[in-house]
Structures are given as structure tokens and as C-alpha cells.
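Enquirer: Below: sequence and its predicted model.
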Amino acid sequence: MSILLGCASKPAEEENEFDFTDERDPFEDVNRVMWDFNRDVLDKYVALPLANAYENVPAPTRRGLYNMTENILEPASVVNNSLQGKGKASAKSFGRFLINSTFGVFGFFDVASKMGVGSEKESFGETLAVYGAPDGPYLMLPGVGPTVVLDRGGDFVDDYIWPMSFMSFPLTLTRYAIRGLEQRIELKQLEPMLENAIDEYSFVREAYFSVWLDKVYDGDPPAQDDWNDWDEWDDWDNDWDPGVPTAYRLDLSAYQKKSMAAQ
């Protein structure tokens, strides 16, 4: 439910004006069909109506419930920070879980943050990426949204770490529902960004990879310079080609701050 945004479609001739193919997305044809299904069916008739209804719940209650879902993830962060050799971050994750599970009433109140113990979230997918595991193909999953095999596969491993391994199916479903609805509420304010994109699908794909790299490299991803082979790079001025797709000129920072996720 990460990227289930219902937005206006662009004219067919405008969509085909640029080549949005990406080698990281070998199943693009299938993924685009799933994107349309997520956006036009699941989001329109399920996710967005439920999010609008859930938005009527008092904000402190919603925040507390979301905090509880975050708290359940802390033991996975303890393990993954340790596997990545981040001893201090692992200790902080353990401290957050201990503090919020007790003084924070099972995580409903984020007491740890108020005490200066910030979040150090890490997933098993990120751990594998740090050790050089390939991302795998980009996928658009029904009801979930964009991901890569490594990201989503790592979540399955994290789900076996205590206490999530002891959660019943209804509790697990409730956890995903709370996170998905809260994220959908936050994403509502970002819909204009999609409306300004020439191709919504490719915009979301680029945004996902930006967020994923940001997570893997702890907010400091390596620079990706697509102009290395241009001898005239030093002479290139600000009068750049206005035909460059808007999707690649939009600032993704707001999207990164609101996305999650993830997931």
C-alpha cells in the first residue's frame, strides 16, 4: 500500500513521447499493469476510502498505534545493525525497544525519542545490500507497491525475529493495515507531484530507487553521474534541454521523507 496513489492519467501521445525504459525493471510491462490496478482499483475503491475514514481517528491515537508498529520492528533493527557492525546503533535500537516497551506502554508512546534515543532502523534486505547482494529486479506488487526482490525478501526474514514471530495472523494483518493507512494519509499531500510527472509509473520507480539507496547508505548514497562520458561536460551551461522529462527534474526529497517503506 506504499504507493497507491490515484491520479489523473496523461494523454497516450504524451506518455509515449519519451523512453522511460530502465534496465533495473525487466518486467516493466507486467509492472505497469499492476501499477494501473493498484492505482485505479485498489487505491480508488479500497485504500483511499479506508484512509479517509481512518483519518477521522484522533491524531494522537493514530500516532500511538503507529508507534507500536514501529516498536515491534526494533528487535529486527538490533539484529541488522549488529550484522552490519554498527554496535552503537544496535545498542540504541535495543534501548529504544526496552524504554518504549515499558515506559512507553508497549510502544504507544515514543518515550525514547523524548529522551534523545533516536531511531536506527535497519532491515535484513539493507544488510544484504551492504554486503554486496544484488537488488534483483524491480517489482510492482499488488496492494504493496514498488520494491525490489532484496528489499521485500529481507522483510520475510525480519518477520521471524522476536517478537513478530510470535504474532498471530490477525495481529500481523492489523500491523500492516495500521502502517499502510497511515502512510496513505501522508501520501495524499504528495499527489500533486505525480500530477506534474509526464509518466507517473517511471516517476514512482525513480523515487523508490532514490529512497532505497538512501536507506542502504544511511542517507549518504554515492553520487551517480550520468555525464562521465561527455567531454563537453565542463562547458555545459544552465540552458539545458527543456525536453528532459519532468519526472526526472522534480525534487524527490519530500517523497523520501514521506515514504517508508516501507515498507
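Expert: Sure, I can see it. The shown structure was predicted, so the numbers you read here are calculated from the model rather than taken from an experiment. Numbers count the residues shown, from 1 in each chain.

Enquirer: any chance you could map the helices in this protein?
Expert: 12-15, 28-37, 48-54, 59-83, 87-102, 111-114, 124-130, 149-158, 169-187, 191-195, 200-216, 253-258 (DSSP state H).

Enquirer: And those: which comes nearest G136?
Expert: helix 149-158 (2.9 Å; CB to CB). C-betas here are computed from N, CA, C, even on glycine.

Enquirer: Give me the mean pLDDT for that closest one.
Expert: Regarding helix 149-158, the rounded mean pLDDT is 95.

Enquirer: same check, this time on stretch 172-184
Expert: Stretch 172-184 comes out at a mean pLDDT of 95.

Enquirer: which parts of that stretch are buried?
Expert: Neighbour-count burial for stretch 172-184, counted by 16 or more other CB atoms under 10 Å, picks out R175, I178, R179, G180, L181, E182, Q183, R184.

Enquirer: And for stretch 145-154?
Expert: Those would be G145, P146, T147, V148, L150, D151, R152, G154, for stretch 145-154 by 16+ other CB under 10 Å.

Enquirer: Find the residue closest to the fourth one in space, skipping its chain neighbours.
Expert: Beyond its immediate neighbours in the sequence, the residue positioned closest to V148 (CB to CB, 6 or more residues apart in numbering) is D135, lying 4.2 Å away.

Enquirer: Report how many residues lie close to the residue nearest to T147 when sequence neighbours are not counted.
Expert: With sequence-adjacent residues excluded and distances taken as CB to CB, 6+ apart, T147 is closest to L139, at 5.5 Å. Per other CB atoms under 10 Å, the neighbour tally for L139 reads 19.

Enquirer: how close does L139 sit to Y45?
Expert: 23 Å (CB to CB, to the nearest Å).

Enquirer: got a list of what K121 touches?
Expert: Counting by CB atoms under 8 Å, 6 or more residues apart in numbering, K121 touches L73, S77, S93.

Enquirer: Dump the helices of the chain into CSV; add distance to T21 as well.
Expert: Putting these into CSV (distance: least, CB to CB, whole Å) gives the following:
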stretch, distance to T21
helix 12-15, 13
helix 28-37, 7
helix 48-54, 30
helix 59-83, 33
helix 87-102, 38
helix 111-114, 42
helix 124-130, 24
helix 149-158, 19
helix 169-187, 26
helix 191-195, 20
helix 200-216, 9
helix 253-258, 22
